[in-house]
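1. please find the sequence and the predicted model below.
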Amino acid sequence: MHLQPQVDNEVIQFRYTFTVFTPTYNRAHTLHRVYESLCAQTYQSFEWLIVNDGSTDHTEQLVQQWQQSAPFPIRYHRQENSGKHIAYNYAAKVALGEFVVNLDSDDACVPEALERFQDYWNQIPPAQRSKYSGIDCLCQDTEGKIIGDRFPQSPMDSHVAEIRYRLRISGEKWGMQRTDVLREFPFPDVQGRRLEMPESIVWTRLTRQYPARYVNDALRIYYTNGADQITRARWAEKDTRGFFLSNQTTLNYDLDYFWYAPRTFIKAAANCSRAGLHCGYPLRQQVNSLTSISARLLWLSLLPLGFVLWFRDTRQ
């Protein structure tokens, strides 16, 4: 039975099992990896949704060529350069698949990826599926080597905080999420050309309410391109609203895991005020954004360090 999502007061029937969603910005030279991966898929009930985040290269012309010859439907949307999080919200809103699979514009996946996702989902008893957000799996590099840590069990039902703090599992992971759940947990509608919005802002909250099933199957092929991470020297030049929200989310939702990873939460508290100062948020606004007394006390105790870090950033 297909679900019937409500979008803009109009009921839209899911037509496919999967919407493979690819946000892209000036990646015409790598986008072929996704296309070739999808052409090779052994499971065919999917669409490819490409959201062009204001590219200035020939992405649009390339997609138009593929739309003429692809053995699967391709939908294309262009937005002003607003960030992956805005593209993600759009994709969740218009997806015609029951599940969204985010495959970045510089990566690939194994031919059996969608088929295995479907098989793992079908292993969950039908009466229990409404409790889950989706399936998460491992990644491999271009040589077939597993990236990051394996899960201690496979399958294993858990959530992001448990995985990150208690089990201390790190490294690239990948997955599929229920479309209706993504609509329930959108990214903040905050836009900016230099804005970075960490995905933990959504996944931290989402998997607390809807746990995921984790499997030790490496289905995504991850290409290492020297990802642009924010560093001390770049704090002052970045739009840090996303980092403020990320650290705020950590303090508001994960603080019950403090004793598993105290250093992580100490850093989050200091970086919360650090990012807030870069954003120009008044201290009262910052502390009021924290929802528990424990989070506020931790933020307050690390406020001097946050000031020091902020001051040092502005002197770079």
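-> Ah, there it is.
2. now do the helix or strand in which T22 is found, average pLDDT.
-> For T22, the host element (DSSP states H and E) is strand 16-24. For strand 16-24, mean pLDDT is 97.
3. strand partners (parallel or antiparallel) of the host helix or strand of W174?
-> W174 belongs to strand 173-178 when elements are defined using DSSP H and E. Next to strand 173-178 in the sheet, as set by DSSP bridges, lie strand 97-102 (antiparallel), strand 134-140 (antiparallel).
4. so that strand versus strand 16-24, what angle?
-> Using axes from the mean of the first three to the mean of the last three C-alpha atoms, to 10 degrees, the inter-axis angle of strand 173-178 relative to strand 16-24 is 130 degrees.
5. can you tell me what sits against strand 173-178?
-> Contact with strand 173-178 is made by 18, 98-101, 109, 117, 121, 132-139, 148, 206, 210, 212, 219-220, as judged by C-beta atoms under 8 Å, 6 or more residues apart in numbering. Any C-beta I mention is one placed from the backbone N, CA and C, and that applies to glycine too.
6. circling back to that earlier point, tell me which of the strands paired with strand 173-178 lies nearest to T22.
-> Taking C-beta to C-beta, strand 97-102 is the member of these nearest to T22, at 7.6 Å.
7. look at the closest residue in space to L309 that isn't next to it in sequence and give its secondary structure.
-> Spatially, and ignoring its direct neighbours in sequence, L309 is nearest to R274 (4.5 Å; C-beta to C-beta, 6 or more residues apart in numbering). Here R274 is helix, with the state taken from DSSP: H, G, I helix; E, B strand; the rest coil.
8. can you pull the contacts of R274?
-> Here R274 is in contact with 235, 306, 309-310, 313 (C-beta under 8 Å, 6+ apart).
9. if we use 7 Å, what do you get?
-> 306, 309-310 (C-beta atoms under 7 Å, 6 or more residues apart in numbering).
10. the protein: strands as residue ranges?
-> Under the criterion DSSP state E, the chain contains strands at 6-7, 10-11, 16-24, 46-53, 74-79, 97-102, 108-109, 134-140, 146-147, 156-158, 173-178, 212-221.
11. CSV for those strands, including mean neighbour count and distance to D256?
-> Converted to CSV, those look like this (neighbours: other C-beta atoms under 10 Å; distance: least, C-beta to C-beta, whole Å):
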stretch, mean neighbour count, distance to D256
strand 6-7, 11, 33
strand 10-11, 8, 39
strand 16-24, 24, 32
strand 46-53, 23, 35
strand 74-79, 16, 37
strand 97-102, 23, 28
strand 108-109, 24, 35
strand 134-140, 23, 21
strand 146-147, 16, 29
strand 156-158, 17, 15
strand 173-178, 24, 22
strand 212-221, 22, 19
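12. weakest of those in terms of mean pLDDT?
-> By mean pLDDT, the lowest-scoring of the strands of the chain turns out to be strand 6-7, with a mean of 46.
13. nearest to H278, out of the strands paired with strand 173-178?
-> strand 97-102 (28.1 Å).
14. relative to strand 212-221, how tilted is the closest one?
-> Going by the same axes, to 10 degrees, strand 97-102 makes 60 degrees with strand 212-221.
15. give me the contacts around strand 97-102.
-> 2-3, 14, 16-21, 46-47, 91-92, 134, 176-179, 182.
16. how about stretch 146-165?
-> Contact with stretch 146-165 is made by 120, 138-141, 167, 169-172, 203-204, 207-208, 211-216, 218, 222, 254, 257, 260-261, as judged by C-beta under 7 Å, 6+ apart.
17. if anything else comes up later, I'll come back, but that's it for now.
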